[in-house]
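structure, please.
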Amino acid sequence: MFPSSLPKARTLDPHAVPSLRWGIIGPGWIAERFARALKEFTSQQLVAIASRSQDRASAFASKMGIPQAFGSAAELLTSPDIDAVYIATPHNHHYPDGLQALNAGKHVLIEKPLALNAQQARGLAELAKAKGLLCMEAMWCDFLPKYDIITQLLEDGALGDLHTLLADHGEFFTPDHRIFNADLAGGPMMDLGSYLIGFSVKVAGAPVSIHATGQQVPGGVNGQTSMLLTHNNGMHSVLNTTLFSNTPCAAVIAGRDATLEIGGASFYAPGPFTLTSSQGGKVLHFDEPRNRYDQLFHEAVHFAWCVGQGKTESPVRPLSASIDTLAAMDEVRRQIGQVFNEEK
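Numbers count the residues shown, from 1 in each chain. Predicted coordinates for the structure are as follows:
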């Protein structure tokens with residue numbers, strides 16, 4: 001039955017969760033936005049930053065008001081004053097940095113994707129379980145108020161039987177961008193495609209079949225991939241990601257009873273969506289400020305809540321979802337012939 005109104009987002013009070021002492025490994029673009037969001041919207045404490053360059057770590061610490069700066073992850077991880085570590089290093093460092101943090105006894109929030117492949121992700125999950133520590137993928141969209149409302153609509157069956165999911169994520173990058181660098185696990189799958197496949201897995205579970213085709217660029221990196229995923233419930237996910245062009249970055253979940261369209265700047269970011277009934281023309285709109293990375297704080301607040309509850313996995317983004325996403329990405333990469341240097 002089509003709802004009379006949209007459900008309310010089940011957001012946590014940022015100041016009602018434990019105030020963790022955070023260290024950041026990797027002072028890059030996303031780390032800066034993560035740090036700003038925590039400082040502005042939460043009671044979380046940023047106490048340390050680590051980089052392979054002491055000068056770069058010190059510059060980041062000075063800019064962001066972080067008291068300690070280290071020239072290596074190993075130095076940061078020896079500090080007894082750190083409860084949790086946010087790993088924002090390049091994709092091919094997520095796994096070794098995650099292992100290092102867990103072995104040091106730290107709860108760990110790892111930027112998406114959790115690892116390069118499902119095998120590595122399983123290794124992180126097994127170590128976290130053995131250590132009794134929280135390990136969570138920073139798939140930030142899953143923790144947004146918008147996504148919680150969409151999750152509730154799906155759980156309530158507001159769309160009826162699901163048949164089709166359409167989503168694209170394309171951005172134009174110049175050839176000198178690190179996303180074209182094979183030494184950094186380049187290509188669209190880790191950066192852009194993980195949102196697409198993660199979204200389809202969230203909506204309908206792991207795919208039971210995958211058909212993919214890709215287009216390579218000089219240097220051994222994939223530049224564009226199109227995918228058709230079939231899920232247990234019969235839903236088809238039709239997905240495209242490209243590094244060659246800007247695309248709408250929109251998504252549609254089409255059910256028997258209603259269709260949910262996510263527009264705005266990007267389907268995975270703060271912004272609007274519309275739910276339209278299949279019959280009768282009923283429409284419900286959701287909108288919010290399109291403040292994008294300001295809302296990175298939601299994942300950190302949820303992470304702190306999990307730590308306070310003694311959880312070693314997030315109920316919103318369990319490691320099984322991260323592993324299923326990477327397993328699907330593994331199969332896509334197998335079909336398009338994309339092998340990372342670390343896998344050779």
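
got the phi and psi for the residue nearest in space to the middle of the chain?
Nearest to the geometric centre of the chain sits residue 139, at 1.9 Å (C-alpha atoms, centre = their mean). Phi and psi for residue 139, reported as degrees, to the nearest 10, are phi -80, psi 80.

list the contacts of the residue nearest to it when sequence neighbours are not counted.
Leaving aside its sequence neighbours, residue 139 sits nearest to residue 112 (C-beta to C-beta, 6 or more residues apart in numbering; 4.7 Å). Bear in mind the C-beta positions are built from the backbone N, C-alpha and C, glycine included. Applying C-beta atoms under 8 Å, 6 or more residues apart in numbering, we find residue 112 in contact with 137-140, 194-195, 198.

same question for residue 3.
Neighbours of residue 3 in contact, by C-beta under 8 Å, 6+ apart: 153, 156, 158, 275, 284.

show the pLDDT at it.
Listed pLDDT for residue 3 reads 95.

so which helix or strand takes in it?
For residue 3, there is no enclosing helix or strand under DSSP states H and E.

just the one 5 residues further on next, same as before
Per DSSP H and E, residue 8 falls between elements, in no helix or strand.

okay, now it: neighbour count?
10 (other C-beta atoms under 10 Å).

excluding its backbone neighbours, what's nearest residue 295?
Counting by C-beta to C-beta, 6+ apart, the residue nearest residue 295 is residue 270, at 5.2 Å.

tell me how many other residues surround the one you found.
The burial count for residue 270: 22, using other C-beta under 10 Å.

so it sits against residue 143, correct?
No - counting by C-beta atoms under 8 Å, residue 270 sits too far from residue 143 to count as a contact (11.3 Å).

and the residue nearest to residue 139, how far is that from residue 72?
24 Å (C-beta to C-beta, to the nearest Å).

also residue 146?
38 Å.

who has more neighbours, these two?
residue 146 (22 against 15).

how far does the helix or strand harbouring that one sit from its chain's centre?
Here residue 146 sits within helix 145-155, counting by DSSP H and E. In this view, helix 145-155 has its centroid 16 Å away from the chain centroid, taken as C-alpha atoms, centre = their mean, to the nearest Å.

what's that helix in contact with?
Residues contacting helix 145-155 (C-beta under 8 Å, 6+ apart): 3, 6-11, 141, 159, 162, 202-203, 253, 260, 262, 270-271, 273, 275, 286, 288, 295, 298.

what average pLDDT does the longest helix belonging to the chain get?
Scanning the chain for the longest helix, with DSSP state H as the assignment, gives helix 319-336. Average pLDDT, helix 319-336: 98.

so what secondary structure elements neighbour that helix?
helix 118-131, strand 135-138, helix 194-204, strand 207-217, strand 221-231 (3 or more C-beta pairs under 8 Å, 6 or more residues apart in numbering; DSSP states H and E).

could you dump the ones you listed to CSV with distance to residue 241, mean pLDDT and mean neighbour count?
Formatted as CSV, those follow (distance: least, C-beta to C-beta, whole Å; pLDDT from 0 to 100; neighbours: other C-beta atoms under 10 Å):
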stretch, distance to residue 241, mean pLDDT, mean neighbour count
helix 118-131, 19, 98, 18
strand 135-138, 18, 98, 27
helix 194-204, 6, 98, 25
strand 207-217, 10, 96, 16
strand 221-231, 6, 97, 20
